[in-house]
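J.: missing the sequence, but the structure's below:
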């Protein structure tokens, strides 16, 4: 089943054929706020996790009218301040950035997480020095809770903004 937001983006469950998208978003420019590019081995491991997350769902984001792939987004479970929550993250290909597609995808992924009725909150943790991702959170309807030290990737600590969306609100 896919999910469409405002007729502009469609979320399609991650599939075996989507590895190319991970490779494409693994550039120094796309990973500058995420600790840098990963090795092919780490990408292959990530792809396997995306295919079958224990909790949550990863998606390929496409344009609803053409089916053209514009990026990825997903949500997964994490414990934050002693409480189980959903976390989200996204990547939009450079040629599609600046069109509001990430915010539309974030709203759609929030609806998917809300539909599971498992956790009250969806969080995003963009680096404090990543204005584009912070703008996505604001446009998607997240509430800024403040700054937090955040480990991503494992072993790499960054200062992030903690954005939260209450999934209990319709």
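T.: Structure's in. What do you need? Keep in mind that this is a model prediction, so the values were computed, not measured.
J.: on the three-state scheme, residue 38 is what?
T.: What DSSP: H, G, I helix; E, B strand; the rest coil gives for residue 38 is coil.
J.: look up how far residue 135 lies from it.
T.: Distance, residue 38 to residue 135, by CB to CB, to the nearest Å: 25 Å. For the C-beta atoms, the positions are set from N, CA and C on the backbone; glycine is no exception.
J.: repeat for residue 98
T.: 10 Å.
J.: ok, these two, which is more surrounded?
T.: residue 135 (14 against 10; other CB atoms under 10 Å).
J.: now whichever strand or helix holds the more buried one: average pLDDT?
T.: Of the helices and strands defined by DSSP states H and E, residue 135 is found in helix 131-140. The average pLDDT within helix 131-140 is 96.
J.: likewise for stretch 31-48?
T.: Rounded mean pLDDT across stretch 31-48 is 82.
J.: check this protein and tell me which residue is nearest its centre.
T.: residue 89 (2.0 Å; CA atoms, centre = their mean).
J.: and the nearest residue to residue 125 once chain neighbours are set aside, bridged to which residues?
T.: Nearest residue to residue 125, sequence neighbours excluded (CB to CB, 6 or more residues apart in numbering): residue 160, at 4.1 Å. Beta-bridge partners for residue 160, by DSSP bridges, are residue 127, residue 148.
J.: dump the residue contacts of the residue nearest to the centre of the chain.
T.: By CB atoms under 8 Å, 6 or more residues apart in numbering, the contact set of residue 89 is 73, 74, 124, 125.
J.: by neighbours, which of the residues you listed wins?
T.: residue 73 (27 neighbours).
J.: state the mean pLDDT of the helix or strand hosting it.
T.: Here residue 73 sits within strand 69-80, counting by DSSP H and E. The average pLDDT within strand 69-80 is 95.
J.: which helices and strands does that strand pack with?
T.: helix 19-24, strand 56-63, strand 83-92, helix 101-116, strand 121-124 (3 or more CB pairs under 8 Å, 6 or more residues apart in numbering; DSSP states H and E).
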